[in-house]
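In: what follows is a predicted structure for the sequence shown.
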Protein chains: 2
Amino acid sequence: MMKIEKTLGRKPELRDLRKAFHILTEDAETKARRGFLQTLHGEVESPCFMPCGTQGTVKALSSEELESVGAQIVLANAYHLYLRPGEEVFETIGTLHDFMNWRGAILTDSGGFQIFSLAPLRKITHEGLCFQSHIDGSKQFLTPERIVQFQMLLGSDIVMVLDECVGYPSGKKEVEEAMNRTLEWAERSKKEFHARQTSPGQLLFGIVQGGIYTDLRKENCERLMAVDFDGYAIGGMGVGEPKELLKEIVPVCTEGLASDKPRYLMGIGTPEDILEGIASGVDFFDCVLPTRNGRNGQAFTSYGTLNLKNATYAKDPAPIEEGCSCPACGGYSRAYVHHLLKAKEILGSKLVTLHNISFYLRLMKESREAIQKQQFGIFKERTIQRLRSAS
Amino acid sequence: MMKIEKTLGRKPELRDLRKAFHILTEDAETKARRGFLQTLHGEVESPCFMPCGTQGTVKALSSEELESVGAQIVLANAYHLYLRPGEEVFETIGTLHDFMNWRGAILTDSGGFQIFSLAPLRKITHEGLCFQSHIDGSKQFLTPERIVQFQMLLGSDIVMVLDECVGYPSGKKEVEEAMNRTLEWAERSKKEFHARQTSPGQLLFGIVQGGIYTDLRKENCERLMAVDFDGYAIGGMGVGEPKELLKEIVPVCTEGLASDKPRYLMGIGTPEDILEGIASGVDFFDCVLPTRNGRNGQAFTSYGTLNLKNATYAKDPAPIEEGCSCPACGGYSRAYVHHLLKAKEILGSKLVTLHNISFYLRLMKESREAIQKQQFGIFKERTIQRLRSAS
């Protein structure tokens, strides 16, 4: 049998259960705040970046490696895990934590976005979503209730409601319809969650939709708060809209949402996007950039990105980023990583991914420290300036 | 700059330099022997399995992971590294140890076998080998001297002479010609090696060819020993010949070779092949099976192999091998590995590879212990019986 240590999985005390999210410091100048979320698998310090483990693995990394660079929470995707390996596996094996051998917290996205971006032949009914599996073409039907049940089976620390995500550009009527359906599903999700909840401490987040329409976003925030969730996600961004709209919509949502609940900006983004998000009062982030781009040789550093496949690095003895304390930078040169990437060796993808996740987590740690010092505004400006400087 | 610890790279004492290979125990019943080879990067206990790091990386594993499962030496391929990343990179960066961040020993194969199996348009002249790079089609010319120089640039602990490897079946005349050329190249290699040698302790191994012809093998052993090498490899096996011929030819070679020098059976093989090789007096082995098959989901265990892609393992909570202490078995179930392999996740390949290398190294450790107890014969029979039992 597997040996799984559970020291991080200690049950929170009663005090914590009544209030999962704790704000410790608010920045003076910006809307940034530092705090922590109490989960069934430890405290998660915020602002926080969640590495993407869509299929139950942060691509190219083991759970030990994630822990070694300080990850406290990872994101997985209920849509993907529902299709493969499927419910029966978790009924036999246990939670996703057991399956992945991950001692920290897990947020599972419902997969609404994925159903709309990956699955062909979708049909939306009042009841739920009819679609084809993108893996084997099999016909699938999911309801908001079903997807909550599945996430509870996974033992997710943070369960997300099923949402309908529309692309950019979309007409206001279409966006409004999707928003209303998402709100209706959110209510049904909450009902199901509370009917099924056996372990107090598991959290349910609602998702704000409304596209690029500020009035719809405001309305959505209010109606979602009336349902009352443990936290609120801002969905439907990063779907093709220009950057300016991201900068415009996010503050509308953070202002519209309860200040004492965690806010999560879904699927965003670059280090700059994240710093802007923090300044607008966002607490949680996830994005595939550090992992997906890392596998292809793009390294994130304090001085911008490097394409390590570039011949410039063939004889470069420096680590991926000077001064970085991650295991990849501790032992391996750019020249070696360049060679591995050119030779299509797995270790190349792994080393860049490990560095990138480490870089993102370091950016969050430094952000928390800057908020603590009431200096997030100046930290953000300086960091963005450095990120934009040529490497 | 890279931080590379060199604690394992201590210089051997003078006593060791005059005699690199030390036999500690000889088995009573079989020809197995236990010993160690003193290299510039630590002692290598024998019998020994060398994981294949053809392109300067044991596929899917980091140097830290190799060290964690007890590897003392890895094999790399001079032909591959000569073509990519090429000489200039090592002239700038340093040795292959520095490049790979590997503190243990490295044996570099000359790449004779690879030139004959991978490179198109070969032309063998008295001077050397004319061929096309299998990577970019560029025309290349290598001499025995050049390939020794390159391996010395890599800082190899064990340098291999360039050999001409013929396939199976091949006529006796063809095999004899290749053998004679390999012998001539071996003499030139030795001359070059001694002319260039700056760090005493670096070792040069000759390679016995002669195909399946026992008389040619015997002749080759004698003539190679007359040149006098630090160790002797048995080449040209595992090229398509039936297993019985492997069992017949290997003992002919080990008997024909100096008993006080290390013997290395190139590119062989399965756990059974290795146990038979040890019983015939072989000290060093390498093979791509644990890594190549591992990436495809085949796990080696004491009870035979498992194909972890098989649906049987979809809900199996057991580790890859019960009782195995490797990091893969310590945290992850067959069900999870099965899922990762089906989902084509990198972590799946890595976990099975890590277990397989760990299994091979454990087999060698147990073999050394059995020799120490003068019980290798019974150990070999029992182990083979168990390997053949259904999993």
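Out: All right, it came through fine.
In: list, one by one, the residues from the stretch 1-150 of chain A near chain B.
Out: Contact residues, the stretch 1-150 of chain A versus chain B (Cβ under 8 Å from any Cβ of the partner chain): A:1-4, A:55-57, A:59-64, A:84-85, A:88-89, A:92-94, A:99-101. For glycine as for every other residue, the C-beta is placed from the backbone atoms N, C-alpha and C.
In: show me just the buried residues among those.
Out: Buried subset of those (neighbour count, 16 or more other Cβ atoms under 10 Å in any protein chain shown): A:2, A:4, A:55-57, A:59-63, A:84-85, A:89, A:93-94, A:99-101.
In: quick one: the longest helix along chain A to chain centroid distance?
Out: The helix spanning the most residues in chain A, taking DSSP state H as the definition, is helix A:346-372. Put simply, helix A:346-372 sits 14 Å off its chain's centre (Cα atoms, centre = their mean, to the nearest Å).
In: also stretch A:184-191?
Out: The answer for stretch A:184-191 is 21 Å, by Cα atoms, centre = their mean.
In: output that stretch as PDB, nothing but the C-alphas.
Out: What follows is stretch A:184-191, C-alpha atoms only, in PDB (Å, rounded to 0.1, in the frame of the first residue of the first chain):
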ATOM      1  CA  GLU A 184     -29.100  29.700 -11.600                       C
ATOM      2  CA  TRP A 185     -26.500  26.900 -11.600                       C
ATOM      3  CA  ALA A 186     -24.700  28.600  -8.800                       C
ATOM      4  CA  GLU A 187     -27.800  28.400  -6.600                       C
ATOM      5  CA  ARG A 188     -28.300  24.800  -7.400                       C
ATOM      6  CA  SER A 189     -24.600  24.100  -6.800                       C
ATOM      7  CA  LYS A 190     -24.800  25.600  -3.300                       C
ATOM      8  CA  LYS A 191     -27.900  23.700  -2.400                       C
END
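In: report the buried residues of it.
Out: Buried-residue list, stretch A:184-191, by 16+ other Cβ under 10 Å: A:185-190.
In: over to stretch A:355-366?
Out: A:355-364.
In: chain B: which of these is nearest?
Out: Taking Cβ to the nearest Cβ as the measure, chain B lies nearest residue A:355 of the buried residues of stretch A:355-366, at 12.6 Å.
In: so what's that closest one up against?
Out: A:294, A:299-300, A:320-321, A:324, A:326, A:328-329 (Cβ atoms under 8 Å, 6 or more residues apart in numbering or on different chains).
In: just the ones in helices from the buried residues of stretch A:184-191, please.
Out: A:185-190.
In: which one of those residues is nearest residue A:218?
Out: residue A:186 (16.3 Å; Cβ to Cβ).
In: and that closest one, how far is that from residue B:40?
Out: Residue A:186 is 66 Å from residue B:40, where distance means Cβ to Cβ, to the nearest Å.
In: ditto for residue A:30
Out: 57 Å.
In: if we can go back for a sec, including distance to residue B:24, pLDDT and neighbour count, could the contacts of residue A:355 go into TSV?
Out: Formatted as TSV, the contacts of residue A:355 follow (distance: Cβ to Cβ, whole Å; pLDDT from 0 to 100; neighbours: other Cβ atoms under 10 Å in any protein chain shown):
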residue	distance to residue B:24	pLDDT	neighbour count
A:294	46	98	29
A:299	47	98	27
A:300	51	98	26
A:320	43	98	27
A:321	46	98	23
A:324	44	98	18
A:326	41	98	23
A:328	39	98	27
A:329	41	98	26
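In: of the residues you listed, which is the nearest to residue B:386?
Out: Each of the contacts of residue A:355 was scored against residue B:386 by Cβ to Cβ, and residue A:328 proved nearest at 39.3 Å.
In: run through who's touching the strand or helix carrying that closest one.
Out: Assessed by DSSP states H and E, residue A:328 sits inside helix A:327-331. Applying Cβ under 8 Å, 6+ apart, the external contacts of helix A:327-331 come out as A:65, A:68-69, A:319-321, A:337, A:351-352, A:354-355, A:358, B:2-4, B:62-64, B:101.
In: from those, which land in helices?
Out: Within the contacts of helix A:327-331, residues falling in helices by DSSP H are A:65, A:68, A:337, A:351-352, A:354-355, A:358, B:63-64.
In: give the next helix or strand downstream of the longest helix of chain A.
Out: Proceeding N to C from helix A:346-372, the next assigned helix or strand is helix A:376-388, under DSSP H and E.
In: dump that next one to PDB, keeping only the CA atoms.
Out: The C-alpha trace of helix A:376-388 is given here as PDB (Å, rounded to 0.1, in the frame of the first residue of the first chain):
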ATOM      1  CA  PHE A 376       2.900  47.200  -2.900                       C
ATOM      2  CA  GLY A 377       2.400  50.100  -5.300                       C
ATOM      3  CA  ILE A 378       6.000  50.900  -5.600                       C
ATOM      4  CA  PHE A 379       6.900  47.200  -5.600                       C
ATOM      5  CA  LYS A 380       4.500  46.600  -8.500                       C
ATOM      6  CA  GLU A 381       5.900  49.500 -10.600                       C
ATOM      7  CA  ARG A 382       9.500  48.500 -10.000                       C
ATOM      8  CA  THR A 383       8.900  44.900 -10.700                       C
ATOM      9  CA  ILE A 384       7.000  45.600 -13.900                       C
ATOM     10  CA  GLN A 385       9.800  47.900 -15.100                       C
ATOM     11  CA  ARG A 386      12.300  45.200 -14.400                       C
ATOM     12  CA  LEU A 387      10.200  42.600 -16.100                       C
ATOM     13  CA  ARG A 388      10.100  44.800 -19.200                       C
END
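In: mind listing what's buried along it?
Out: So helix A:376-388, judged by 16+ other Cβ under 10 Å, has buried residues A:376-377, A:379-380, A:383, A:387.
In: one more: stretch A:119-126?
Out: For stretch A:119-126, a neighbour-count test (16+ other Cβ under 10 Å) marks residue A:119 as buried.
In: distance between the ends of that stretch?
Out: This stretch, stretch A:119-126, spans 19 Å end to end (Cα to Cα, to the nearest Å).
In: can you list contacts of it?
Out: The contact list for stretch A:119-126 (Cβ under 8 Å, 6+ apart) reads A:79, A:115-116, A:129-134, A:140, A:164, A:181.
In: show me those that map onto strands.
Out: A:129-132, A:140 (DSSP state E).
In: fine, thanks again, bye for now.
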